[in-house]
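Visitor: after the sequence you'll find the predicted model.
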Amino acid sequence: MAARNVLRATHISKSFHDPINIPVLKNISLTIDQGEFVSITGKSGCGKSTLLYILSTMDTDYEGELVIDGSVMKGKTERELARVRNEKIGFVFQFHYLLNEFTVLENVMLPGLKLASSSEEHIRARAMELLRLLDIHATSSKKARQLSGGEKQRVAIARALINRPAIILCDEPTGNLDKTNSESVFNIFNQLTTEHHQALLVVTHDQEFAKRTHRIIEMEDGRIVSSATPPEKKSLDTAHL
Amino acid sequence: MNFKLIMRIARSLLLARWRQTSVAAAGVTFGITMFIALLSFMMGLNEMLDDMILSRTPHIRLYNEVRPNAHQPINSSKSFSKSYNFIRSVKPGSSRQEIYNSRAVLQTLRRDPRIKGVAPKITAQVFFNDGPVDITGVITGIDVAEEDKVFRFNEYIVEGKPSDLNDVSNSIILGKSLAHKLLAQVGDVVYVTTAQRHAFSLKIVGIYQSGIEELDKVQSYTSLATAQKIWNQPGDYITDIHIRLHDLKKSAQLSTEFSALFNTDAEDILTSNSQFETGSFIRSLISYAVGVTLLVVAGFGIYNILNMLIYEKMDSIAILKATGFAGRDVNRIFMTIALSIGLVGGSLGLIFGFLLSYGIDHIPFNTASLPTLKTYPVSYNPAFYCIGASFSLITTYLSGWAPARKASKIDPVVIIRGK
Ligand SMILES: Nc1ncnc2c1ncn2[C@@H]1O[C@H](COP(=O)(O)OP(=O)(O)OP(=O)(O)O)[C@@H](O)[C@H]1O
Ligand SMILES: [Mg+2]
């Protein structure tokens, strides 16, 4: 495959010192290409979230090398890392984390306004387009706190997309949603990878969800134990088609 | 960088807790209001007292003290030049109170750029004859126009016209209490006797009230020409020169200078009235101390509200950081909140402070000793408003600094994991 590499982690290790050294991540290496839809699964406490925080540049206390969209993260200042998060990474969390003081539209626009690579009018138009894509444009002028859980999660996805990031990282995006809403989030992700060649890395407990992604990374006790295309994927795809 | 966005986020956070932030701003408003009102009133009081005493006291007084001559004949004798000469009970000879060469001295003083005004005077003791009783008093010969220019003489004339001193020959203006003692009114004639036993009759053309009872009981004024006539002296005779300077603080220095230059005695206001300076200083010190205390209390209010806001908005701060806002941006957001509280609270404080001092300025205040005063004295010095404004901004800046720093240091991983 000649696809562009958007994220590469090599030999990532991390320990908590609390007060004795507890290794949480041990020698983790993984790469994600443009358009790839990857899931991470594993038992609770095996280090999935910890890995995701390192990949997102928010946690800088680790060993190993992290390259996002071609540039090395080690040695960057706090401001430079903030800029990387703003420009290259989109986030979706289990708890929706919207700014309750702002409207839905403003929530989606904020990272765009921060990047300020185009005019406010452009950013507003793009935010509306994303809300329409996710079928929540009717709520655009509501305050964030007035939305339902499923709606909030879709707003969070729209916000993650506003700056056309290299990769979107999600920590249990469907963990708090019912079957229908989970299904709709999955469909959005699927559409993003196939139609917009968006790279996605999703931590999930939901085996059904994981099985339908391009690749499952399985973790156990701070290590990657397997990384493979799910066998069901092909049959499911044909069943869907 | 991106100041508009930071303002926008700050405003939203602020409006989300507008009740608490208004209380914090009200604290600043109260502090500044009291600061302005207190300072305006205290300074008004200071200026009034200064006015009462200092504006009527010359900054420098040139005169000749009656005293024994320092150069006694024996000191000039060659035969005793190598010995100590003790002379007991030396009496003042015919040394004169007159300021020598007064015309030239006055001319030199009037040309000096450091001097605001010069008033020549003739001061001497007299007896006012009231039937069989003699009342001691002082007649000061003045140049009316000059005296008004330098010491605002006309403001203290409560009856009659000061210019009549020049227009009516042998005229006099009496201190109010003195006139009262003599049972004399404007238009009456009083009889005075000098120390040299010359008797004179003078027509009263006005009544003077300084507000200082001691002074009003003995003081009277006449023109320089009349005074010279009473003491039988030539037209350039004067005994005192009162000087008003542009800068009061230079009075001690200039007084020594003039004393040496004109070979007279000199007295300056700082030496003779140092207690007024101290009083004014203590009063302003108290006002500043109270004002600053109020602002510090207001500062703690801002500190509290910001800490609360940050505690409440941990999630929002974590999202902002996760989506690309740097610690510096978060710091600026909270500094903006703190400074807006200071700016709004402070501006309102300046307005209310002005209104309050304006109100005080209109409360009637009548006292017999101060005829020119009708209401409480208030000073509208723009400097107080500048100080108040900068104080409010400095206080809010300082009280916002620690919370804003704390907010900028929040680790989003800890917040997101903690959910
Ligand atoms: N700040 C910390 N100090 C010490 N240990 C920590 C800290 N944060 C996490 N851990 C430990 O690190 C391990 C990995 O945690 P992590 O949150 O990455 O697990 P996870 O795979 O995301 O689990 P889950 O599926 O329940 O979300 C856990 O054993 C946890 O107790
Ligand atoms: Mg987790």
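Guide: Nice, I can see it. Ligands and ions are numbered 1, 2, ... in the order given.
Visitor: tell me which helix or strand B:Ala104 sits in.
Guide: Following DSSP states H and E, one finds B:Ala104 within helix B:102-111.
Visitor: just the mean pLDDT for that helix, thanks.
Guide: For helix B:102-111, mean pLDDT rounds to 88.
Visitor: how about stretch B:236-256?
Guide: Over the span of stretch B:236-256, the pLDDT mean works out to 87.
Visitor: what residues sit buried inside that stretch?
Guide: B:236-245, B:250-252, B:254-255 (16 or more other CB atoms under 10 Å in any protein chain shown). Quick note: C-beta positions are derived from backbone N, CA and C, even for glycine.
Visitor: what of stretch B:130-147?
Guide: Under the neighbour-count criterion of 16+ other CB under 10 Å, stretch B:130-147 has B:Ile135, B:Gly137, B:Ile139, B:Thr140, B:Gly141, B:Ile142, B:Asp143, B:Val144, B:Glu146, B:Glu147 buried.
Visitor: still on that earlier bit, so which of the buried residues of stretch B:236-256 comes closest to chain A?
Guide: Among the buried residues of stretch B:236-256, B:Lys250 lies closest to chain A (CB to the nearest CB), at 55.9 Å.
Visitor: looking at the buried residues of stretch B:236-256, which are in strands?
Guide: Among the buried residues of stretch B:236-256, the members found in strands (DSSP state E) are B:Asp240, B:Ile241, B:His242, B:Ile243, B:Arg244, B:Leu245.
Visitor: doesn't A:Thr193 belong to a helix?
Guide: Yes: inclusion of A:Thr193 in a helix is indicated when DSSP: H, G, I helix; E, B strand; the rest coil is applied.
Visitor: residues contacting residue 182?
Guide: You didn't pick a chain, so chain A it is. Listed by CB atoms under 8 Å, 6 or more residues apart in numbering or on different chains, the contact set of A:Ser182 reads A:Thr174, A:Asp206, A:Phe209.
Visitor: chain B is the one I meant
Guide: With CB under 8 Å, 6+ apart, B:Leu182 has these contacts: B:Phe128, B:Asp130, B:Ile135, B:Leu174, B:Val190.
Visitor: one more time with 10 Å
Guide: B:128-131, B:133, B:135, B:137, B:174, B:188, B:190-191, B:204, B:220 (CB atoms under 10 Å, 6 or more residues apart in numbering or on different chains).
Visitor: so what's A:Ile167 closest to, chain neighbours aside?
Guide: Distances taken as CB to CB, 6 or more residues apart in numbering or on different chains put A:Ala199 closest to A:Ile167, at 4.3 Å, once the chain neighbours are dropped.
Visitor: quick check: that neighbour touching A:Phe37?
Guide: Yes: A:Ala199 lies in contact with A:Phe37 (CB atoms under 10 Å); the separation is 7.9 Å.
Visitor: so for those two, which residue has more residues nearby?
Guide: Set A:Ala199 next to A:Phe37 and count neighbours by other CB atoms under 10 Å in any protein chain shown: A:Ala199 wins out with 25 against 21.
Visitor: re earlier: what about the residue nearest to A:Ile167, distance to A:Lys211?
Guide: Note on A:Ala199: its distance to A:Lys211, by CB to CB, to the nearest Å, is 19 Å.
Visitor: for A:Ile54, same thing?
Guide: Counting by CB to CB - A:Ile54 and A:Lys211 are separated by 26 Å.
Visitor: do A:Lys143 as well
Guide: In terms of CB to CB, A:Lys143 sits 37 Å off from A:Lys211.
Visitor: kindly report the same for B:Gly349.
Guide: Distance from B:Gly349 to A:Lys211, by CB to CB: 66 Å.
Visitor: looking at those two, which one has more neighbours?
Guide: For B:Gly349 versus A:Lys211, the count of surrounding residues by other CB under 10 Å is larger for B:Gly349: 32 against 15.
Visitor: in whichever strand or helix holds the more buried one, which residues are buried?
Guide: Using DSSP H and E, B:Gly349 sits within helix B:327-361. In terms of neighbour count (16+ other CB under 10 Å), helix B:327-361 has its buried residues at B:327, B:329-350, B:352-354, B:356-357, B:360-361.
Visitor: quick one: residues contacting the one residue in the stretch 1-150 of chain B that gets nearest to ligand 1.
Guide: Using CB to the nearest ligand atom, the closest approach of the stretch 1-150 of chain B to ligand 1 is made by B:Leu13 at 27.7 Å. B:Leu13 makes contacts with A:99, A:101-102, B:21, B:309-310, B:312-313, B:316-317, B:333-334, B:336-337, as judged by CB under 10 Å, 6+ apart.
Visitor: and B:Pro403, by the same measure?
Guide: Applying CB under 10 Å, 6+ apart to B:Pro403 gives the contacts B:302-311, B:331, B:334-335, B:337-338.
Visitor: what pLDDT is listed against it?
Guide: Taking B:Pro403 on its own, its pLDDT is 89.
Visitor: which residue, other than its chain neighbours, is closest to it?
Guide: Nearest residue to B:Pro403, sequence neighbours excluded (CB to CB, 6+ apart): B:Leu306, at 3.8 Å.
Visitor: spell out the secondary structure type for that neighbour.
Guide: B:Leu306 is classified as helix under three-state DSSP.
Visitor: gap between it and B:Leu343?
Guide: 15 Å.
Visitor: quick one: the helix holding B:Ala104 to chain centroid distance?
Guide: Here the centre of helix B:102-111 is set off from its chain's centre by 28 Å, with CA atoms, centre = their mean, to the nearest Å.
Visitor: buried ones in that helix?
Guide: Within helix B:102-111, judged by 16+ other CB under 10 Å, the buried ones are B:Ser102, B:Val105, B:Leu106, B:Leu109.
Visitor: which is the next helix or strand following it?
Guide: Reading on from helix B:102-111 to the C-terminus, the next helix or strand found by DSSP H and E is strand B:115-130.
Visitor: just confirm B:Gly137 is within a strand.
Guide: Yes: assessed with three-state DSSP, B:Gly137 lies in a strand.
Visitor: OK, contacts around it?
Guide: B:125-128, B:174-175, B:178, B:181-182, B:190, B:192, B:217-220.
Visitor: ok, and the most crowded of those residues?
Guide: B:Leu174 (30 neighbours).
Visitor: can you list the strands that the helix or strand containing that residue pairs with?
Guide: Per DSSP H and E: B:Leu174 is located in strand B:171-175. In the sheet, strand B:171-175 lines up against strand B:199-208 (parallel), strand B:219-223 (antiparallel) (DSSP bridges).
Visitor: what's the first helix or strand after it?
Guide: Using DSSP H and E, the helix or strand that directly follows strand B:171-175 along the chain is helix B:176-182.
Visitor: give the other helices and strands that whatever helix or strand comes next after that next one contacts.
Guide: Where DSSP H and E defines the elements, the next helix or strand beyond helix B:176-182 is strand B:189-194. For strand B:189-194, the contact count by 3 or more CB pairs under 10 Å, 6 or more residues apart in numbering or on different chains; DSSP states H and E identifies strand B:115-130, strand B:133-142, strand B:171-175, helix B:176-182, strand B:199-208, strand B:219-223, helix B:224-230 as packing neighbours.
Visitor: quick one, helices of chain A?
Guide: For chain A, the helices defined by DSSP state H cover A:48-55, A:78-88, A:104-115, A:120-133, A:149-161, A:179-196, A:207-211, A:231-240.
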